[in-house]
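>>> Here is my input; please provide its structure:
(one chain, ligands or ions: 1)
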Amino acid sequence: MRSELDLELVSLTKRYGDTVAVDAITHLFHAGTYACLLGPSGCGKSSTLRMIAGHESVTDGAILLGGRDISRLQPALRGTAMMFQSYALFPHLTVAENVAFGPRMRGVDAKTRARRAAEMLDLVEMTALSDRLPAQLSGGQQQRVALARALITEPQILLLDEPLSALDPFLRVRMRAELRKLQRKLQITFIHVTHGQDEALALADEIVVMNDAKIEQAGPTRDVFEAPATAFVARFLGSHNVIALPQGQIAIRADELRLRPAEGARLQGRITAVEYQGTHVALTASVAGNQDVTALLTDKDFFGAPKDVGEAVGLDWDARAARALEA
Ligand SMILES: Nc1ncnc2c1ncn2[C@@H]1O[C@H](COP(=O)(O)OP(=O)(O)OP(=O)(O)O)[C@@H](O)[C@H]1O
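Next up is the predicted model:
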């Protein structure tokens, strides 16, 4: 399939009456990227995705695919396909018929659509269950069918709205590995909406963090994680502390903090919680300004010199580990 076309959002805006759901966002998705739109509930992720798909009208701005303005085209003419949160399979059609449904509506002949459906089912490893009805499938299997149904249209861009949220945690981890594998194989752009940081970190080449209808930060996944620009991004990605110091706010990863004797350490405080996490121990201390700071210690480090709630403790870090945050 392989996508050659970049997708560009230009001052893209969505208003529902007085609510600004998406506020003039501009972003370029390079062809063949696995991108995650990440942010808390209500930040405008789904509205953005639905505008790209053409299931929601664009209030202002434009969506360009390979330089062509697709903002006002019908969904089927855009070169995008959406895999829905609810799998929305037709209950009375078999797996193969569900996958072939779109081509059937477009008047593709029976032989061609059966062949294409079989190819797609092979791609998502569902060939053996082609003749089953959706009710006879597990959640994960229904999801594969939904994927096959979206991919049969040969989209340049596959849009996925919280595709893993209905699955149990075990299946979610398995399906996310499969999504990644599929994207690598097809080399088309995937834009995946999620509010799960772990999911975004595990899957994405690039993450776009949204907050309050705007893009707060976007970039290669590791760059964003390593250098969150704002307190919001640092907190939302997790694994970071946001600490107010006299010289300004910094973000510092919990695993970059070291315990020291209180005397002479950059921060002094008292331990308020010790949480055993198996390979690690999360130790939280209350420091100057009533701030909670969490250090993630390896189990070996912690149990080499165990500490308890109420003890005084010093916290230190390598200067290079601190990220100054935008005010
Ligand atoms: N059809 C609609 N009519 C009015 N307001 C809407 C509509 N759809 C969304 N909104 C509002 O627009 C804002 C953004 O919603 P959107 O669904 O895009 O957010 P989201 O980040 O996808 O959230 P979630 O993760 O909860 O799905 C919210 O304030 C929401 O209440």
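
>>> And stretch 123-141, what's buried?
123, 124, 126, 129, 130, 133, 134, 137, 140, 141 (16 or more other CB atoms under 10 Å). Backbone N, C-alpha and C define where each C-beta goes, glycine included.

>>> my bad, stretch 246-259
249, 250, 251, 252, 253, 254, 255, 256, 257, 258, 259.

>>> for the residues you listed, which one is nearest the ligand?
residue 251 (22.9 Å; CB to the nearest ligand atom).

>>> After the lengthiest helix in the chain, which helix or strand is next?
Determined from DSSP state H, the single longest helix within the chain is helix 169-186. Later in the chain than helix 169-186, the nearest helix or strand by DSSP states H and E is strand 189-194.

>>> How about the residues of the stretch 1-150 of the chain by the ligand?
16, 19, 21, 39, 41, 42, 43, 44, 45, 46, 47 (CB under 6 Å from any ligand atom).

>>> and with 8 Å instead?
Residues of the stretch 1-150 of the chain found near the ligand, taking CB under 8 Å from any ligand atom as the criterion, are 14, 16-17, 19, 21-22, 39-50, 56.

>>> Tell me which stretches of the stretch 151-300 of the chain form helices.
169-186, 197-203, 221-226, 231-237, 299-304 (DSSP state H, counting those that start in this stretch).

>>> Compare the ones you listed and report which one is nearest to residue 95.
Smallest distance to residue 95 across the helices of the stretch 151-300 of the chain (CB to CB): 16.9 Å, for helix 169-186.

>>> re earlier: biggest separation within the buried residues of stretch 123-141, which pair?
Using CB to CB, the buried residues of stretch 123-141 reach their maximum pairwise distance at 123 and 133, which is 20.8 Å.

>>> Just the closest residue of the stretch 101-250 of the chain to the ligand, please.
Nearest to the ligand in the stretch 101-250 of the chain, going by CB to the nearest ligand atom, is residue 195, at a distance of 5.1 Å.

>>> In contact with that residue, which residues?
38, 39, 40, 41, 45, 162 (CB atoms under 8 Å, 6 or more residues apart in numbering).

>>> At the contact with the ligand, which residues of the stretch 151-300 of the chain appear?
So the stretch 151-300 of the chain meets the ligand at 161, 162, 193, 195, 210, 213 (CB under 8 Å from any ligand atom).

>>> Beta-bridge partners for the fifth one, please?
On the basis of DSSP bridges, residue 210 is bridged to residue 215.

>>> Quick check: it touching residue 46?
No: proximity of residue 210 to residue 46 does not meet the contact threshold set by CB atoms under 8 Å, at 10.4 Å.

>>> out of those two, which sits in the more crowded spot?
In this view residue 210 and residue 46 are compared by other CB atoms under 10 Å, and residue 210 has more residues nearby, 26 against 19.

>>> give me every residue that touches the more buried one.
Counted by CB under 8 Å, 6+ apart, residue 210 has contacts 25, 37, 38, 39, 43, 44, 45, 48, 216.

>>> so how far is residue 321 from the residue sitting furthest away from the middle of the chain?
Computed with CA atoms, centre = their mean, the residue of the chain farthest from its C-alpha average is residue 263, at 41.9 Å. Distance of residue 263 to residue 321, computed by CB to CB, to the nearest Å: 21 Å.

>>> Just the buried positions in the longest helix of the chain, please.
Neighbour-count burial for helix 169-186 [16+ other CB under 10 Å]: 172, 175, 176, 179, 180, 182, 183, 186.

>>> The protein - how does it break down into domains?
Following automatic domain parsing, one finds the domains of the chain at 7-226, 244-324.

>>> re the thing from before, what is the nearest of the buried residues of stretch 246-259 to residue 326?
Distances from residue 326 to the buried residues of stretch 246-259, taken by CB to CB, are shortest for residue 249, at 8.5 Å.

>>> quick one: which of the contacts of residue 210 sit in helices?
Using DSSP H, 45, 48 are the members of the contacts of residue 210 that sit in helices.

>>> which residues in the stretch 201-327 of the chain form strands?
Taking DSSP state E, counting those that start in this stretch as the test, the strands found in the stretch 201-327 of the chain are 206-211, 214-220, 240-245, 248-253, 258-260, 267-276, 280-287, 291-298, 312-316, 323-324.

>>> Mind putting those into CSV with mean pLDDT?
Shown next, in CSV, are those (pLDDT from 0 to 100):
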stretch, mean pLDDT
strand 206-211, 98
strand 214-220, 98
strand 240-245, 95
strand 248-253, 96
strand 258-260, 93
strand 267-276, 96
strand 280-287, 96
strand 291-298, 96
strand 312-316, 95
strand 323-324, 95
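
>>> Comparing those, which stretch has the densest surroundings?
Burial of these is given as mean neighbour count (mean count of other CB atoms under 10 Å); strand 206-211 ranks first at a mean of 24.
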